[in-house]
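J.: Below are the sequence and a predicted model for it; my questions follow.
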Amino acid sequence: GGVDFVEAGRLFGLSGRMEAIKHLGIMYEYGLIPSEDMEGDEWDGYSSPHKPDYAKAREMYSSAWESGLDDAGYFLGLMWAYGRGVEQDFTRALEMFRQLAMKGHGQGQRYLAIFLVNGHGCPVDYERGRQWFKACERSGDYRVEELCRVEGEQIEELLEKAREKEQELQ
């Protein structure tokens, strides 16, 4: 048979390990397990088997983040960045990604770079964004290194074109 998410969630909850608590948060956020707080709520079941419980997910992520698990902070940052179960708050997301980036967290570095080059919660800053893409590329996080290399090169090309245009205008 397939994966028994309900049993996996039960075991994650029993383990008490912060990595497991983060995964429990993911399961609540994406509706992979039912939430006792959400029973009886109508749900179309198309995007996930159960209605997402963002409050429960945020609770799990916050607990794991406060215990020192950086990946949990990343998921909290994503909730604020995309307004998943909370009001979208680029400033709060930016601060979370900045904290993670300073700790060498590759995904946090990538999102900090994205926020900087797009001006989410801060003024647009291509140069600092490029620097964070470079840091992410060297982070050792296989999940984002290649993305950061490509995105950093794209920003570098834009900066080079801007420098050329600036010289033409002088």
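T.: Structure received. Numbering: from 1, shown residues only.
J.: helix or strand for Ala72, which one?
T.: helix 70-82 (DSSP states H and E).
J.: After that helix, which helix or strand is next?
T.: Next along from helix 70-82, by DSSP H and E: helix 90-102.
J.: tally of neighbours for Ser67?
T.: Using other Cβ atoms under 10 Å, Ser67 has 12 neighbouring residues. C-beta: built from backbone N, CA, C; applies to glycine.
J.: picking that back up, helices or strands up against the helix holding Ala72?
T.: Counting contacts by 3 or more Cβ pairs under 8 Å, 6 or more residues apart in numbering; DSSP states H and E, helix 70-82 packs against helix 18-29, helix 54-66, helix 90-102, helix 106-118.
J.: can you tell me the average pLDDT over the first one?
T.: Pointing back at helix 18-29 there. Across helix 18-29, the average pLDDT comes to 91.
J.: what's it packed up against?
T.: On a contact count with 3+ Cβ pairs under 8 Å, 6+ apart, helix 18-29 meets helix 5-15, helix 54-66, helix 70-82.
J.: Between helix 54-66 and that helix, find me the angle.
T.: 160 degrees (axes from the mean of the first three to the mean of the last three Cα atoms, to 10 degrees).
J.: quick one: low-confidence ranges for this structure?
T.: 1-2, 37-47 (pLDDT under 70).
J.: which residue is nearest the middle of it?
T.: Centroid-nearest residue in the chain: Leu78, 3.8 Å away (criterion: Cα atoms, centre = their mean).
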